[in-house]
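**Student:** here you go, sequence then predicted model.
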Amino acid sequence: MRRLGAKRETAAQLVAEDRLTDEKIAESLGVSRKTLHVWKQHPAFSARVTELESIWTNRALKNNLARREYRLAVLADQHGRCLAIRDARASDPSMADVPGGATGMLVRTYKGLGNGENARVVEEYAYDAALDREIRELQAQCAEELGQVQPMQVEVARKKNWHSTEELEAELVMLLAKRNSKQPEDAPC
């Protein structure tokens, strides 16, 4: 393959990186956008861009994050850590008398009330929606990685904001009815 000049080599690298617009690439090289366009039409330039893209893609595939089993292991580890937080809270003896304390899904905070001699600190408990959401998000990511759900289904589930258990149950009943109505009469269950 014919070697490119220094400016064209840099241009090929920038095009292969695909981070800048053609206008920014041309500007950084001190050439017009039209010149860059002409270079991109040249077979040697196009071949170099393709070669660089291939090299970088192969490097990325060797990186652990490009490997599905590694991503799943990381997700499983993170999921386990979230569950460990929940389980540690659930086994905390000081939460035994708090309604819902045994679930591990409550967070204890302290709030100051009053001022001066009347100041006091009280405990407050709140549902840890952030931890619950993270656990569900990690489960959805694992299901998506394993091909158990379609990305669009995961996206819809993430966007939906359920306000009550009844609302969620009603939506599930509707979805199941819709799915069942699409199945042929003689389809096995």
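**Tutor:** Everything's here; your move. Residues are numbered from 1 along each chain as shown.

**Student:** what's next to stretch 82-101, contact-wise?
**Tutor:** By Cβ atoms under 8 Å, 6 or more residues apart in numbering, the residues outside stretch 82-101 that reach it are 102-108, 125, 127, 131, 134-135, 138. All C-beta atoms are positioned from the backbone trio N, CA, C, and that covers glycine.

**Student:** output the lowest mean pLDDT helix or strand found in the chain.
**Tutor:** Here the helix or strand of the chain ranked lowest by mean pLDDT, DSSP states H and E is helix 151-159, holding a mean of 60.

**Student:** identify the residue nearest the geometric centre of the chain.
**Tutor:** Most central in the chain under Cα atoms, centre = their mean is Gln141, positioned 7.1 Å from the mean C-alpha point.

**Student:** from the contacts of stretch 82-101, which land in helices?
**Tutor:** Taking DSSP state H, the ones among the contacts of stretch 82-101 that sit in helices are 131, 134-135, 138.

**Student:** show me which pair in those residues is furthest apart.
**Tutor:** Leu131 and Leu138 (10.7 Å; Cβ to Cβ).

**Student:** between the two, which is the more surrounded one?
**Tutor:** Applying other Cβ atoms under 10 Å to Leu131 and Leu138 shows that Leu138 carries more neighbours, namely 20 against 17.

**Student:** once you drop chain neighbours, what's closest to that one?
**Tutor:** His79 (4.4 Å; Cβ to Cβ, 6 or more residues apart in numbering).

**Student:** endpoint to endpoint, stretch 61-74 covers what distance?
**Tutor:** End-to-end distance for stretch 61-74: 17 Å, by Cα to Cα, to the nearest Å.

**Student:** thanks a lot, catch you later.
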